[in-house]
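> okay, sequence plus prediction incoming.
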Amino acid sequence: SHMVGYCPLGEGNVDVLGILDVIAKKEKKTKLKGMVMVELDYDNREDIKPLSLATTSRNYLVKNGVTLRKV
C-alpha cells in the first residue's frame, strides 16, 4: 500500500539495491568509508503506522545483505 507515492524500501520505483551497489563500488575505489542514512516519509493518510513502515524497510535491507549498525 503506497501513500501518495511514499512506500517502504523495496516496494517503490527506486532501485535501492542498485544505488547501494554504486555506493559500495565507489567506496572500494576511493577507500571512502561511511554510512547511508534512509529517510522514510509518512503522510498520516492511511492506517499504517510509521513503525510498520520502518520495520518493512529494515527487513528488506537485511534480507538483501545490508549490515545495519546497532544503536
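That came through fine.
> dump the residue contacts of the most centrally placed residue in the chain.
Geometric centre of the chain, nearest residue: Leu9, 4.6 Å, by C-alpha atoms, centre = their mean. Taking C-beta atoms under 8 Å, 6 or more residues apart in numbering, we find Leu9 in contact with Val16, Val38, Leu40, Thr56, Ser57, Tyr60, Leu61. Every residue, glycine included, has its C-beta placed from N, CA and C.
> wasn't the fourth one part of a helix?
When you say that, I think you mean Thr56. Yes. Counting by DSSP: H, G, I helix; E, B strand; the rest coil, Thr56 is found in a helix.
> about what we covered before: any quick ChimeraX command for the buried ones out of the contacts of Leu9?
Buried residues among the contacts of Leu9 (16 or more other C-beta atoms under 10 Å), as a ChimeraX selection:
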select :16,56,57,60,61
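> closest to Pro50 among the contacts of Leu9?
Relative to Pro50, the closest of the contacts of Leu9 is Leu40; by C-beta to C-beta it sits at 7.3 Å.
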